[in-house]
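> With the sequence up front, the predicted model follows.
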Amino acid sequence: MLVGLLYRNHFSVFNLFRNFYIRRVPTNHLLVSLCATTTPRPDIFWWNSSIMDCFRNREVEKACQLFEEMPHRNLVTWNCMITGYMQSGRMVDAQRVFDSMPQRNVVSWTALMTGYLQSGQVEKARHLFDKIPERNIVCWNSMISGYINNGLIEKARKLFEEMPSRNKASWSIMVSGYIRQKQLDDAMSLFNGSPFRSTSLCNALLSGYVQLGCIKEAEDLFAMMDTKDAISWNSMITCYSQARKMEHARKIFDEMPEKDVISWTAIIHGYLQNGNVKHASCLFGEMPNRDVMSWNTMINGLMQNDMFDDALILFSKMPSRDIVSWNTILQGYVQKNDMFNARRWFESMPQRSETSWNTLISGYQNEESLAIFCDMMKEGFKPNQVTLAVILSICASLVALGWGRMIHLFVVRTGFEHDKLVNSSLICMYSGSGLVEDSKQVFHGMSNRDTIAWNAMIAAHAHHGFAKEAIELYKAMVKGGFHPDHVTFLNLLLACCHKGLIYDGCQLFITMQQEWKLVPKAEHFSVVVDLLGRSGFVDQAYKFTEKVPIDLQTNAWETLLSWCRVHENLELGELTAKRVFTGEHFDGGMHVLLSNIYATKGKWSEASQLRSLMKEHGLKKETACSWIEVKGNIFSFVSNDKSNPEVERLCREFNRLYVMLEQTSWFNWL
């Protein structure tokens, strides 16, 4: 029962096992145990509590040492070890302890099964589930939750149908699962077929309506609920806040019979989310009780509204702070791209979490990130899937293949090879280094895929000219029951653009709107213009861009201007340039493009005037940068860069290579 609750509600596994044990210990015995420092022989409760504390403090080896030193062990001891290893990502050790147990109960089986589910090893988890001697309803619910969390909704539904009996939690889990997959019709159908009309089940569907922005449906369900709890009222506050209907959200808040700290925080977050800092501040001042989450919400909201200095002042007034408070300010510095102060803040933090390291790593986005990643491990922090995904993304952007392969090896050794986010990042990393076959190996080795993984694989083919293969992957993705998103179609359009597949590209652009109800973004319009311009249809591209929503036109006009330059269409280029230069964004590169169009047509006077205008307004074309990885070190350089002390030697070597290439080309021609 306990592990099922853990899996659904994210409670601390250590506290659950502590409570599980305490309820079975007589009061007088418990008091003696709590005073273990004064007793010569600590009892088993003291040992179990110490082991749990070690795991909670990431002192895994110390926990293992205590376990080995224990004079006697009970079933709770073994279960604590399994759960501790599981939470530390050491599934091999968890399995070893499980295999060594003199006896097991349903908690033992469910704990190990949950660990495999959390690490993405669904088949191993199912194998364990099938072997549980006496399954209870918690085992069934945990396995169903595991399927849902790994994107296997159909398998979850099949297992749900096989359950000998279901409780309210079973129905709530399935309804929430369909909501997570954005399968609202299935969620509603299951809800209507449920024998229960519990508040928790109604809340599950209500939260789904809120997530998907179905305001009318949420209102109707909320009105028909016989019993509403704080979660119900708070869901409606969130619903209206997301829809920018703050007057409705405030009305719900004012009508609440009992407001808790979450209700106050929800309405404050709503005002901050909609840019109304004044109302948020007033409510924050009126709060009868504030917890650390309320303070963090207010601080984060101020930063999101470009009031970083006010956020710092509020941080200084906090009566107590947690790690989230410090991480929030750190994230603010990173968002401002103020990495100097971000690093100073990081160094001054009284404690750090994996999130702290991840934030700093993501902020640099260069070779410094790799050095910080090494420091993170030196200080005993275990990289999680977010860490690995970020560092692999940086390896991809730097084309640091050597580093990428080392991280891949680390992924395998630490048991993250089944994590969908990490695998998707590996696909992107290998693709960014031009190794599409390596990307394929990672993709085909995934036991469970999600939309992100499919998108990564489609992008790998799209960026390397395999347009037909990218389209086939899209078809397989849809056939497999996955829903394409904006990223899917952007990659497909790029694939068609690079190969000049005008018909396929236009058809996909229509499909994303008509079949999948996806509203194109600025980048989609820009790629369609690129597709038409690349194929020489600049007139059609101009007419298409005129129909693009005005607030999304800038990138499309800039793309069109580039193709006017290529096809030497001066008349259309001048018309396009007027659209580009009337916007708020003055790009020196666009001025250079128009100047080159004038020069190509021999209009030197116009070209000269445009260059003078650029000089007058201080406009420059951004200098491109290149880099190379040598023995794990990243070296960057720009055109005419002579800062390297060995520049003369490098130039001689480049000249030698150039001569060799010229000779090779000459002999091949002969």
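Structure received.

> got the domain boundaries for this protein?
When the chain is parsed with the TED database, its domains come out as 42-103, 520-622, 625-664.

> Now do the second one, average pLDDT.
This means domain 520-622. Throughout domain 520-622, pLDDT has a mean value of 68.

> tell me the strands in the stretch 301-450 of the chain, going along the chain?
Counting by DSSP state E, counting those that start in this stretch, the stretch 301-450 of the chain has no strands at all.

> what ranges do the helices span in it?
Taking DSSP state H, counting those that start in this stretch as the test, the helices found in the stretch 301-450 of the chain are 308-317, 323-335, 339-348, 354-364, 367-378, 385-398, 401-413, 420-432, 436-444.

> mean confidence score for the shortest one?
In this model, helix 436-444 has an average pLDDT of 93.

> Can you spell out which helices and strands pack onto that helix?
helix 420-432, helix 451-462 (3 or more C-beta pairs under 8 Å, 6 or more residues apart in numbering; DSSP states H and E). The C-beta positions use only the backbone N, C-alpha and C, and glycine is treated the same way.

> For residue 189, give its distance to residue 178.
9 Å (C-beta to C-beta, to the nearest Å).

> Of the two, which one has the most company?
residue 178 (24 against 12; other C-beta atoms under 10 Å).

> And the contacts of whatever helix or strand that one lives in?
Element membership for residue 178 (DSSP states H and E) is helix 168-180. For helix 168-180, contacts defined as C-beta atoms under 8 Å, 6 or more residues apart in numbering pick out 4, 8, 137, 140-141, 144-145, 147-148, 153, 156-157, 160, 163, 184, 186-187, 190-191, 194, 196, 198, 200-201, 203-205, 207-208, 211-212.

> Now the buried members of the residues you listed.
4, 8, 137, 140-141, 144-145, 147-148, 153, 156-157, 160, 184, 186-187, 190-191, 194, 196, 201, 203-205, 207-208, 211 (16 or more other C-beta atoms under 10 Å).

> Looking at those, which are in helices?
With DSSP state H as the criterion, helices contain 4, 8, 137, 140-141, 144-145, 147-148, 153, 156-157, 160, 184, 186-187, 190-191, 201, 203-205, 207-208, 211 from among these.

> List the buried residues for stretch 425-435?
For stretch 425-435, by 16+ other C-beta under 10 Å, it's 425, 426, 427, 428, 429, 430, 431, 432, 433, 435.

> Quick one: residues contacting the second one.
By C-beta under 8 Å, 6+ apart, the residues touching residue 426 are 392, 404, 408, 411, 439, 442.

> now for the residues you listed, which pair is the farthest apart?
Using C-beta to C-beta, the pair of the contacts of residue 426 lying farthest apart is 411 and 439, separated by 14.5 Å.

> which one of the contacts of residue 426 sits closest to residue 51?
Of the contacts of residue 426, the one sitting nearest to residue 51 (C-beta to C-beta) turns out to be residue 411, at 28.2 Å.

> my guess is that closest one contacts residue 422, does it?
Yes. With contact defined as C-beta atoms under 8 Å, residue 411 reaches residue 422; the gap is 5.7 Å.

> Those two: who's more crowded?
A direct count of neighbours by other C-beta under 10 Å for residue 411 and residue 422 places residue 422 higher, at 25 against 22.

> Would you mind measuring from residue 228 to residue 130?
From residue 228 to residue 130 the distance is 40 Å (C-beta to C-beta).

> hang on, I meant residue 345
50 Å.

> between residue 228 and residue 130, who's got more neighbours?
Comparing residue 228 with residue 130 by other C-beta under 10 Å, the one with more neighbours is residue 228, at 18 against 9.

> Next one: that one relative to residue 199, how far apart?
The value you get for residue 228 to residue 199, if C-beta to C-beta is used, is 7 Å.

> Run through who's touching the host helix or strand of residue 219.
Residue 219 belongs to helix 215-224 when assigned by DSSP H and E. Defining contact as C-beta under 8 Å, 6+ apart, one finds that helix 215-224 is touched by 202, 205-206, 209-210, 228, 232, 235-236, 239-240, 243, 245.

> and these as JSON lines, adding pLDDT?
Shown next, in JSON lines, are the contacts of helix 215-224 (pLDDT from 0 to 100):
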{"residue": "202", "pLDDT": "90"}
{"residue": "205", "pLDDT": "89"}
{"residue": "206", "pLDDT": "91"}
{"residue": "209", "pLDDT": "88"}
{"residue": "210", "pLDDT": "89"}
{"residue": "228", "pLDDT": "91"}
{"residue": "232", "pLDDT": "92"}
{"residue": "235", "pLDDT": "92"}
{"residue": "236", "pLDDT": "93"}
{"residue": "239", "pLDDT": "92"}
{"residue": "240", "pLDDT": "93"}
{"residue": "243", "pLDDT": "89"}
{"residue": "245", "pLDDT": "93"}
